[in-house]
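1. Can you look at this prediction? I've put the sequence above it.
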Amino acid sequence: MIPKIIWVQDFNTATHPGGAQLTNQYVIDWGKNLGFDIEECSIYTIDKLGKDPRYYLMEGDFYIMNNVVHLNKLYPFLIREIINYKKYIRYEHDYMWMHGTLYDPEMMRELFSKSLMNIYLSPLHHEVHQEKGLGRKDDTIMPSPIDEKVFRRMSHIERIPNTCIYTGGITNHKGIINVLNYARKHPEIRFDLVGWIEHPEVLENAPENVRVIPEIPHNRIAEVLNTYESFIHLPDWNEPFGRSVAEALLCGCKLIINEKIGFLSFMWNYRNREWLSSMLTNTPSSFWKTVNQVMLDNHVPAVVRRHW
């Protein structure tokens, strides 16, 4: 019997189609294709689909703990039971302490210390956690996965001169004010902001060369990126990875960025886009190979075995 893996996360793509959720869905789908039995536990499955949180405690053989700040606020017993009694790894996409009253510092420390493995998205992401005393010698760093068949330079699409795009949440910590200030200094460039608006007040004094356009389905983002000359991302926080930056680079956009992007903190040759594409495409395989080994090492029965 194949063990049941419970993937625990606050949100999914049904409610929050951001980089973390897209990454999770891509990795989950890959794992299912490999033969793993994976079930999602999220606010959506509990509140919208009516799953009892206790169901996940009874059914799971192994757990992948993702971003769980909001779940811990709503169902603290669920997170506590997993930490105390279940076998799990921590697949971190965020910084829990940034959520103020929504997190429990003691729970956070135990979540990292009792996990069988902690996985971070970039050297920068890991470094910030080490500064908080959450790093371990056996930590693993894996970049977010990106499909090279989708995100690539499309030679049949012509770029529009003097255009720049931003994709992602329109929020304070993502540095939208920095983008607006940059746009003011470059009135000759059209800046398009694509994403959900979390902090509309930051757009009140946007310059005339900036426009906000409706969210674009993720399956069209690659095509859209190929029409823009540049991509901009100037976050205020230390971006754990910056999936949108990686997607834009692979689509051939010039980057307008700062030093706070995890994707750019690897010791990689970023000019070799073919190698980058291959590296990012292979991340899900590496992820599940790692999970498979952790499960074997910790006596979880009937783990999927196959060539990777």
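-> Alright, I've got the coordinates.
2. Residue ranges in this structure under the pLDDT threshold?
-> Low-confidence segments of the chain (pLDDT under 70): 302, 305-308.
3. Do you have the strands of it handy? List them.
-> For the chain, applying DSSP state E gives strands covering 4-8, 37-41, 62-65, 88-91, 118-120, 140-141, 160-167, 190-194, 210-213, 228-233, 254-257.
4. Put together JSON lines for the ones you listed, with mean neighbour count and distance to Asn272 on each row.
-> (Each C-beta comes from the backbone N, C-alpha and C, glycine too.) Listed next are the strands of the chain as JSON lines, based on neighbours: other C-beta atoms under 10 Å; distance: least, C-beta to C-beta, whole Å:
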{"stretch": "strand 4-8", "mean neighbour count": "22", "distance to Asn272": "32"}
{"stretch": "strand 37-41", "mean neighbour count": "20", "distance to Asn272": "33"}
{"stretch": "strand 62-65", "mean neighbour count": "23", "distance to Asn272": "31"}
{"stretch": "strand 88-91", "mean neighbour count": "23", "distance to Asn272": "27"}
{"stretch": "strand 118-120", "mean neighbour count": "23", "distance to Asn272": "23"}
{"stretch": "strand 140-141", "mean neighbour count": "16", "distance to Asn272": "19"}
{"stretch": "strand 160-167", "mean neighbour count": "18", "distance to Asn272": "24"}
{"stretch": "strand 190-194", "mean neighbour count": "20", "distance to Asn272": "28"}
{"stretch": "strand 210-213", "mean neighbour count": "15", "distance to Asn272": "32"}
{"stretch": "strand 228-233", "mean neighbour count": "22", "distance to Asn272": "19"}
{"stretch": "strand 254-257", "mean neighbour count": "16", "distance to Asn272": "15"}
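5. nearest to Asp47, of these?
-> Checking the strands of the chain against Asp47 by C-beta to C-beta gives strand 37-41 as the closest, at 11.7 Å.
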